[in-house]
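**Q** I would like the atomic coordinates for the input below:
(one chain, ligands or ions: 1)
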Amino acid sequence: MLVLWQFEECEHSQVARRRLTELALDFLAVNAPPGHPEKDGVMERLFGSNKTPAMWDTRTGALLQGEDAICRYLDQDASSEPTSPEVDSEAYSLIEV
Ligand SMILES: N[C@@H](CCC(=O)N[C@@H](CS)C(=O)NCC(=O)O)C(=O)O
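**A** Predicted structure coming up:
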């Protein structure tokens with residue numbers, strides 16, 4: 001599963017969402033607008049900062065932050081194996097946001 005921390009008004013998030021759409025990839029969107037300490041805490045733990053967009057690929061463990069890194073990763077990864085349902089449910093339980 002691809003998990004994307006983003007928010008509507010963030011132009012960098014828009015680029016990441018557009019690329020996901022172009023590649024027809026499913027993803028779980030976490031709304032992370034400024035001023036949400038509980039989401040900032042999760043992002044800081046995973047990525048070292050709360051900047052959006054940020055993406056976690058639960059299949060590979062890859063953690064990406066910034067539109068360029070995310071798009072580059074997606075372009076390389078677009079042909080990879082489908083998400084495993086077992087990993088997905090584990091990832092859902094980790095994201096208590
Ligand atoms: N270089 C990043 C820029 C990301 C960025 O500036 N995101 C803004 C929201 S649109 C943000 O998280 N600002 C909060 C902060 O800078 O702490 C990218 O290309 O994605």
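
**Q** please confirm that Leu63 is located within a helix.
**A** No. Membership of Leu63 in a helix is not supported by DSSP: H, G, I helix; E, B strand; the rest coil, which gives strand.

**Q** please read off the pLDDT at it from the model.
**A** Leu63 is assigned 97 on the pLDDT scale.

**Q** ok, it touching Ala54?
**A** Yes. Taking Cβ atoms under 8 Å as the definition, Leu63 is a contact partner of Ala54 at 7.4 Å. Bear in mind the C-beta positions are built from the backbone N, C-alpha and C, glycine included.

**Q** neighbour count: those two, which is higher?
**A** Taking other Cβ atoms under 10 Å, Leu63 and Ala54 do not tie; Ala54 has more neighbours (27 against 15).

**Q** so who does that one touch?
**A** With contacts defined as Cβ atoms under 8 Å, 6 or more residues apart in numbering, Ala54 is in contact with Leu4, Trp5, Ala32, Met43, Leu46, Phe47, Leu63, Leu64, Gln65, Gly66, Ile70.

**Q** how near is it to Arg45?
**A** 11 Å (Cβ to Cβ, to the nearest Å).

**Q** point out the ones among the contacts of Ala54 that are inside strands.
**A** If you go by DSSP state E, those have Leu4, Trp5, Leu63, Leu64, Gln65 in strands.

**Q** quick one: the fourth one from the ligand, how far?
**A** This means Leu64. 10 Å (Cβ to the nearest ligand atom, to the nearest Å).

**Q** who wins on neighbours among the ones in strands among the contacts of Ala54?
**A** Trp5 leads those on contacts (other Cβ under 10 Å) with 28 neighbours.

**Q** touching, that residue and Val30? I think so.
**A** Yes. Counting by Cβ under 8 Å, Trp5 touches Val30, with 4.7 Å between them.

**Q** need the overlap of contacts for those two.
**A** With Cβ under 8 Å, 6+ apart, Trp5 and Val30 have common neighbours Lys39.

**Q** Thr52: how many residues sit nearby?
**A** 25.

**Q** residues in contact with it?
**A** Each residue near Thr52 by Cβ under 8 Å, 6+ apart is listed here: Trp5, Gln6, Phe7, Cys10, His12, Ser13, Ala32.
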